[in-house]
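**Q** Test case, fold it:
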Amino acid sequence: MLQGLKISSKTALRDLLAGITCALSFVPQGMGYAVVAGVSPVHGLYTGVFAPIIGTLLAGSSLMVITVTNELAVPTAGILATLGPQFSTKALFTLTMLIGVIQIILGVLKFGSLTRFISNCVMTGFISGVAILLIFGQLQKLTGYSGRQSGNVFVKTWDWLLHLNGIDLRTTLVGLLTIVAIILFQRTRLKAIAFVLALVIATAVVSLLHWNTVQLVGAIAKIPRGLPSLVLPDFRAIPVLFLDALSLAILGLSIASGVSQAYPEADGSIPDASHDFLAQGAANVVGGFLQGMPAGGSISRTATSVSAGAKTRWANIFAGLVLALFLMTIGRVAEIIPMAGLAGLLVYIGFSVMRLDRITRVWNTYAEERVAMISTFALTLLIPLHWAIFAGVAITLLLYVHASSAKVRLVRIVPGANGGFEEQPAPDRLPSHEVTALHAYGNAFFAAVATLEGVLPAVEGTKNAVVIFGLRGRECITTSGIVLLERFARKLHAGGNKLMLVGVEPRVRRELDLTGITRLIGTENVFESTANVGGPLNEALIAANEWVKRNSSE
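**A** Down below sits the predicted model:
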């Protein structure tokens, strides 16, 4: 990573401009995500200073921006809400620190490959559910209704619907104005700073028209001038927060893995996910002592940085430094931003991350993926958010096992034209005095083995026949598969028939030897895999036909 810090005159200016753009756009977004998490906006701003700098120094991905994300902010709010008043704001810092420690451990242990178990359909359902929660969660702030504060998002939304006469018209206009301004600026060359410009307009309208009923950021939090002071996390909260921190750590890493795949290196390579684990972990550990909140690889911030011209890691460093300069000079200006403007910004983000193209892509694939996406989406709305994605993974694995166990196809291999082989449907009953070569397509785990046994030809009444069963490409065989081979071999032997195995890989051969299958069917009937794809099958066919012919004459 250090070689990526060499600054070049060819890229320095573009990185600086990208850093400035990213820093300006993060001011409203960082404050907004902090509000989503239920904490002071200043913690979002502080995270935007150090997380991108520390993260880019260690990350394998040179373009990924590590900062506050919507996917982490929403579950953070739910976790903090369950702690009750006995824990102070320091519980936030403890959660952030714990997430970082776990991520560093996972990175050191090279657990980057774990993210592959979270499929695209699960992430699509999860992100769509988070978007719905984000939109509904901003309705009260968007319209100035200060009603019910307890309960989940849907309870609050129902209360809001029952009291539409309690909304503030001016606040609602400010929120809608912010959304419209963002949409319009997104269609211009100024789209990189559309959030900033929209909030400037909303702030100017409230200030010039003296709309005192519109709540400002300064009413809920003061933005101190300068950088964060050192704090100690609340170590009492560690036992309570550990499992929540573990789930958020893995969640953040999973989302970040999608960022590195979407924005590969200049040479097209995908960075090592374990390095990105370390980068996010270090950023969160430091955040725990500098009043930060959970951070991870941000898809939206990375997209903003790249679209603004970022070429190297220096873009992220410049972004953190510019935001630090903002806090040390004119950070108090953020206090006059209307809360309805931040709510409008978050509503726009909620709709933008709910990508219909990704939903459509999943919908047009396998039925199992549709079920996984819908299930994860529903669970995201119904159970604690940070557990929903893992429930989605469990559902995906169960659906995969079920689908794979049912998708087993057995074919018969016969000599074809030009000396090759052709596939035909496998016979329902094994013919006598013939050689039948079979090959099974599908998985070889225990559930699929039962399906395979159901489609094997019946052997009752068959005499003087040989079954050649292909195992080429099977790198291992389960105990269920061993039991199936043993049972099938004994059935064949009982009728005076024979079983041969072809294309046996070295590891499978060892497993057959150790479990006694080789002795059962005979060493001469096991043909190991070779570089010549059809070689072992040809050898087995010659030996099998000779055996059938010899037994017929006898």
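
**Q** The residue sitting nearest the centre point of the chain and residue 505, how far apart?
**A** Centre of the chain computed as the mean C-alpha position; nearest residue by CA atoms, centre = their mean is residue 254, 4.0 Å away. Distance of residue 254 to residue 505, given as CB to CB, to the nearest Å: 33 Å. C-beta coordinates here come from the backbone N, C-alpha and C atoms, glycine included.

**Q** again, but for residue 235
**A** 53 Å.

**Q** Look at the two and report which has more neighbours.
**A** Relative neighbour count places residue 505 above the other of residue 235 and residue 505, with 17 against 10, counting by other CB atoms under 10 Å.

**Q** For the residue lying closest to that one once chain neighbours are set aside, grab phi and psi.
**A** Using CB to CB, 6 or more residues apart in numbering and skipping residues adjacent in sequence, the residue nearest residue 505 is residue 529, 5.3 Å away. Main-chain torsions, residue 529, degrees, to the nearest 10: phi -70, psi 140.

**Q** Residue 529: what's it in contact with?
**A** Taking CB atoms under 8 Å, 6 or more residues apart in numbering as the criterion, residue 529 is in contact with 471-472, 503-506, 536.

**Q** 6 Å - rerun?
**A** Each residue near residue 529 by CB atoms under 6 Å, 6 or more residues apart in numbering is listed here: 472, 503, 505.

**Q** what helix or strand does residue 121 sit in?
**A** Residue 121 is part of helix 120-137 when elements are defined by DSSP states H and E.

**Q** just how off-centre is the next helix or strand after that helix within its chain?
**A** Toward the C-terminus, helix 120-137 is succeeded by helix 139-143 as the next helix or strand (DSSP H and E). Centroid displacement of helix 139-143 relative to its chain, using CA atoms, centre = their mean, to the nearest Å, is 30 Å.

**Q** what's helix 139-143 packed up against?
**A** Here helix 139-143 touches helix 339-353, going by 3 or more CB pairs under 6 Å, 6 or more residues apart in numbering; DSSP states H and E.

**Q** what's the angle between the helix it packs on and helix 120-137?
**A** 160 degrees (axes from the mean of the first three to the mean of the last three CA atoms, to 10 degrees).

**Q** Next, the buried residues of helix 339-353.
**A** The neighbour-count check on helix 339-353 (16 or more other CB atoms under 10 Å) flags 339-350, 353 as buried.

**Q** Leaving out the residues flanking it, which one is nearest to residue 391?
**A** Nearest one to residue 391, counting by CB to CB, 6+ apart, is residue 379 at 4.9 Å.

**Q** From residue 126, how far out is that neighbour?
**A** Applying CB to CB to residue 379 and residue 126 gives a distance of 9 Å.

**Q** mind listing the strands for the stretch 401-550 of the chain?
**A** 409-415, 421-425, 435-441, 466-470, 498-504, 526-528 (DSSP state E, counting those that start in this stretch).

**Q** List of residues touching stretch 201-214?
**A** 168, 170-171, 174, 177-178, 181, 336-338, 341.

**Q** sorry, that was for stretch 67-76
**A** Under CB under 6 Å, 6+ apart, the answer for stretch 67-76 is 30, 33, 36-37, 44, 47-48, 51-52, 130, 133, 252, 255, 294-296, 298, 301, 385-386.

**Q** out of those, which are inside helices?
**A** 30, 33, 36, 44, 47-48, 51-52, 130, 133, 252, 255, 301, 385-386 (DSSP state H).

**Q** ok, how many other residues are close to the residue nearest to residue 512 when sequence neighbours are not counted?
**A** Leaving aside its chain neighbours, residue 512 sits nearest to residue 518 (4.8 Å; criterion: CB to CB, 6+ apart). Residue 518 has 18 neighbouring residues, counting by other CB under 10 Å.

**Q** Report pLDDT for residue 518.
**A** The per-residue pLDDT reported for residue 518 equals 92.

**Q** Would you agree it is in contact with residue 510?
**A** No. Applying CB atoms under 6 Å, one finds residue 518 not in contact with residue 510, separated by 9.7 Å.

**Q** overlap in contacts of those two?
**A** Joint contacts of residue 518 and residue 510 (CB under 6 Å, 6+ apart) do not exist.

**Q** hang on, the earlier thing: pLDDT at the residue nearest to residue 505, what is it?
**A** Reported pLDDT for residue 529: 89.

**Q** I'd like to know how far it sits from residue 415.
**A** Counting by CB to CB, the gap from residue 529 to residue 415 is 20 Å.

**Q** can you give me the angle the one helix or strand residue 202 maps to makes with helix 339-353?
**A** Secondary-structure element containing residue 202, defined by DSSP H and E: helix 194-209. Helix 194-209 runs at 160 degrees relative to helix 339-353, counting by the same axes, to 10 degrees.

**Q** Next, the buried residues of helix 194-209.
**A** So helix 194-209, judged by 16+ other CB under 10 Å, has buried residues 194-199, 201-203, 205-206.

**Q** Redo those as JSON lines? Include distance to residue 465.
**A** JSON lines is the format used below for the buried residues of helix 194-209 (distance: CB to CB, whole Å):
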{"residue": "194", "distance to residue 465": "74"}
{"residue": "195", "distance to residue 465": "74"}
{"residue": "196", "distance to residue 465": "79"}
{"residue": "197", "distance to residue 465": "80"}
{"residue": "198", "distance to residue 465": "78"}
{"residue": "199", "distance to residue 465": "80"}
{"residue": "201", "distance to residue 465": "84"}
{"residue": "202", "distance to residue 465": "82"}
{"residue": "203", "distance to residue 465": "86"}
{"residue": "205", "distance to residue 465": "87"}
{"residue": "206", "distance to residue 465": "88"}
